[in-house]
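Task: produce atomic coordinates for the following.
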Amino acid sequence: MFDLQGYGPLLIKGTLLTIQLGLASLVFGLIFGLLGALAKLSGVWILEKIANAYTTVIRGIPELLMVFFIYFGGSLILAAVLKQFGYTGRIDISQFWAGVAALSIMFGAYATEVFRMAIQDIPKGQWESAQSIGMTPFQTFRRIILPQMWMVALPGLGNLTLVLLKDTALVSLIGLKDLMYYAGRAGQTTQQPFTFLLAAAVIYLALTSIITLVMTWFESRANPAARYAKQLRKLGVKS
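Have a look, this model is predicted:
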């Protein structure tokens, strides 16, 4: 279908790096989002203010600007801090980890609201019931609230994950050799940019399709009632 003129292995290499970048950003982003949601619902004034400032500021900044800020500004900030301890050498930040930091911070800001609404969707009576039988707040959250929270939050997190995957393309602008980096360089070298951009688009589409299938499976596993109803429909039984 595509004449990649020998650049196929590089596109595969870039795709693998894109997947690694997306997975690392997803893990850290989920952690940021969960911590942010718990801070907003903690009832502690200072934690609520910090979480509100985090989501308000980060969601108001373009993703590309965040990538540039972390990569270029991060080295300056780190150099200024280390200078106070007598270190005056050059500070270089990894393009990969700068991308992970930027994408996970952005993902976490949106995931905070998804988790917050999911937790608030759970009746408060469940907290009270757990407390009445002697459960600690941590035990209540881990055993009762967390499993239900995932069930409610999964659709929103699935959409955010799709956006995250597409946002990984921004990191190519700071020199990370991901899928978009190799597609752009191959297009410039062969003077056939459309061919390689189209190839990249097909790969991104395949990855997003896989993510959609995985998230659908997770949603089915997290919701036994929906899975049971689906099985009944397959058998021709009206639920």
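
Could you check how far the residue nearest the centre of the chain is from residue 46?
Centroid check for the chain by Cα atoms, centre = their mean gives residue 26 as the closest residue, at 3.5 Å. Residue 26 is 28 Å from residue 46, where distance means Cβ to Cβ, to the nearest Å. Bear in mind the C-beta positions are built from the backbone N, C-alpha and C, glycine included.

got any ranges where this structure has weak pLDDT?
Low-confidence segments of the chain, defined by pLDDT under 70: 1-3, 89, 222-239.

As a check, name the ranges of all helices in it.
Along the chain, the stretches classed as helices by DSSP state H are 8-40, 45-59, 63-68, 74-83, 95-120, 124-132, 137-140, 146-167, 179-190, 193-222, 224-234.

Please identify which of those helices is closest to residue 173.
Closest approach to residue 173 among the helices of the chain (Cβ to Cβ): helix 63-68, 7.0 Å.

And that closest one, what does it pack against?
helix 95-120 (3 or more Cβ pairs under 8 Å, 6 or more residues apart in numbering; DSSP states H and E).

The helix it packs on: which residues count as buried?
95-96, 98-116, 118-119 (16 or more other Cβ atoms under 10 Å).

Ok, stretch 84-91 next?
residue 91.

from the middle of its chain, how far away would it be?
33 Å (Cα atoms, centre = their mean, to the nearest Å).

So what touches that stretch?
75, 78-79, 82 (Cβ atoms under 8 Å, 6 or more residues apart in numbering).

let's see 6 Å
For stretch 84-91, contacts defined as Cβ atoms under 6 Å, 6 or more residues apart in numbering pick out 75, 78-79.
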